[in-house]
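*Asks:* quick one, what's the 3D model for this:
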Amino acid sequence: MLNIKTQKCKFDEPLYLESGRILLEYELVYETYGTLNDKKDNVIVVCHALTGSHHAAGIYQNDSKAGWWDGLIGSGKGIDTDKYFVICVSILGSCYGSTSPLSIDKSSGKQYRLKFPVLTISDVVKAQMRLFKELGINKARALIGGSLGGMQALCFAIEFAEFAERVIMLASTYQTQAWAIAFNKIGIEAILKDPQFKNGQYDENEIKQNGLNGLAYGRMAGHISFLSPKSMDVKFGRNFVQTDGLYELLGRFEVDRYMEYNGYNFPKRFDPLSYLYIVKMMNIFDCTRHYDSLKDALAPIKARLSLISFKGDLLFPPSCMREIYDTFCDIGRKEQAEYIEIDSDYGHDAFLVEIEKFEMYVKRAIEREIKE
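*Replies:* Below you'll find the predicted structure:
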């Protein structure tokens with residue numbers, strides 16, 4: 001049974017951030033599925049990606065779109081809500097209800113806007129841990145995330161080593177590298193240079209109604225990095241839009257129309273300031289930043305680690321997570337980690353789309369008994 005519930009928790013206490021700044025108060029929106037057992041030991045934490053939200057599964061009343069991982073979470077699925085209590089939190093900075101740049105700054109009584117502090121993955125994970133404490137959840141059977149969610153999962157494993165027994169990362173990395181940062185730069189520049197951005201003082205309702213070209217262009221660039229040459233060829237080929245003339249200067253290929261649709265609709269559901277702050281969070285992620293090496297960074301991990309990569313992923317290539325596995329082997333802890341490379345040409349978004357290719361590995365990782 002899915003038993004979907006959406007809730008919000010407010011913390012009237014400071015959150016001390018890695019940057020040295022402080023959030024005097026903050027809110028987190030979260031969604032749960034399944035039922036928490038009496039021992040509270042059947043918890044699975046799901047971490048969302050860059051533009052994801054707490055709505056990971058199920059369909060809201062009067063809505064036609066299911067949660068972003070609905071194919072994986074539910075009765076009898078890879079993350080089985082008949083057995084487990086699943087929780088997904090909208091991260092700080094997100095525009096889906098948790099404290100973000102559009103929230104009110106208690107010290108000024110005005111929206112933060114560009115005065116919102118830069119957040120790190122460590123900050124958003126620390127805030128989630130505060131929520132779990134509030135809910136009486138002291139330990140998770142498993143913690144899972146893809147892309148930016150995988151970064152959170154790794155951060156949980158390192159910084160809160162006692163919390164999760166199993167940590168599953170998909171299509172992610174231990175540090176964001178230049179290729180991904182370069183793609184993100186396109187979106188950042190396009191947003192900042194868009195006159196309608198108004199140095200962050202735009203009317204958010206106007207953006208929801210009319211969009212923002214800069215964010216649309218950034219989303220188009222992002223979609224290129226989310227897919228792969230092979231998946232684009234399969235999906236679109238060189239097909240031309242039937243209603244457009246081949247010799248019209250602005251006549252479009254089907255891939256052009258796809259980019260337009262996804263690009264121009266995106267700003268109507270995702271806030272440009274949230275996009276800037278979360279992209280910054282992704283860019284500066286590096287789990288080795290406070291350590292001398294990757295070996296030192298991974299040493300605190302106590303959870304069993306499952307690393308699932310996808311061959312066609314251009315954004316975070318398999319080598320990013322293979323290096324984590326190889327490092328575990330180098331420090332003599334090969335039995336604590338497993339590395340799985342999925343045969344896929346889809347691209348980075350395979351972790352959202354090709355669920356049938358990795359669901360069995362997720363289920364196996366969750367169900368496997370761990371020897372003390």
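*Asks:* going by C-alpha atoms from here, please, whenever you check contacts or count neighbours.
*Replies:* Will do.
*Asks:* ok, Tyr346 to Gly34 distance?
*Replies:* Using C-alpha to C-alpha, to the nearest Å, one obtains 31 Å as the distance from Tyr346 to Gly34.
*Asks:* surely Ile190 meets Gly218?
*Replies:* Actually, residue 190 is Ala. It isn't Ile. Yes: Ala190 is within contact range of Gly218, at 6.4 Å (criterion: C-alpha atoms under 8 Å).
*Asks:* who has more neighbours, these two?
*Replies:* Applying other C-alpha atoms under 10 Å to Ala190 and Gly218 shows that Gly218 carries more neighbours, namely 22 against 18.
*Asks:* let me know the outermost residue of this structure.
*Replies:* With distances taken from the mean C-alpha point of the chain and given as C-alpha atoms, centre = their mean, the most distant residue is Tyr247, at 41.3 Å.
*Asks:* burial of Asn205, as a residue count?
*Replies:* Summarising burial for Asn205: neighbours were counted as other C-alpha under 10 Å, giving 10.
*Asks:* secondary structure class for it?
*Replies:* Judged by DSSP: H, G, I helix; E, B strand; the rest coil, the three-state class of Asn205 is helix.
*Asks:* show the model's pLDDT score for it.
*Replies:* As summarised for this prediction, Asn205 has a pLDDT of 95.
*Asks:* any idea how far it is from Ser100?
*Replies:* Distance check for Asn205 against Ser100: by C-alpha to C-alpha, it reads 16 Å.
*Asks:* where does Ser306 fall, helix, sheet strand or coil?
*Replies:* Using three-state DSSP, the structure places Ser306 in strand.
*Asks:* and stretch 123-143, average pLDDT?
*Replies:* 98.
*Asks:* contacting residues around it?
*Replies:* Residues outside stretch 123-143 that contact it (C-alpha atoms under 8 Å, 6 or more residues apart in numbering): 9, 15, 17-18, 28, 40-47, 89, 91-92, 152-153, 155-156, 162-168, 366.
*Asks:* one more pass at 7 Å, please.
*Replies:* The contact list for stretch 123-143 (C-alpha atoms under 7 Å, 6 or more residues apart in numbering) reads 17-18, 40-46, 91-92, 152-153, 156, 163-168, 366.
*Asks:* next SSE after the strand or helix carrying Lys126?
*Replies:* In this assignment (DSSP states H and E), Lys126 forms part of helix 121-134. Next in sequence after helix 121-134, counting helices and strands by DSSP H and E, comes strand 140-146.
*Asks:* partner strands of that next one and their direction?
*Replies:* Strand 140-146 pairs in its sheet with strand 43-47 (parallel), strand 164-170 (parallel), by DSSP bridges.
*Asks:* what about this structure, any weak spots by pLDDT?
*Replies:* Flagging of the chain using pLDDT under 70 yields the residue ranges 371-372.
*Asks:* in it, which residue is most central in space?
*Replies:* Note: the chain centre (C-alpha atoms, centre = their mean) maps to Ala49, 1.2 Å.
*Asks:* surely that one touches Ile144?
*Replies:* No: at 11.1 Å, Ala49 does not count as touching Ile144 under the criterion of C-alpha atoms under 7 Å.
*Asks:* where do the strands of the protein begin and end?
*Replies:* 5-11, 15-16, 22-23, 26-33, 43-47, 73-74, 79-80, 85-89, 104-105, 110-111, 140-146, 164-170, 304-310, 337-342 (DSSP state E).
*Asks:* kind regards, and thank you for your time.
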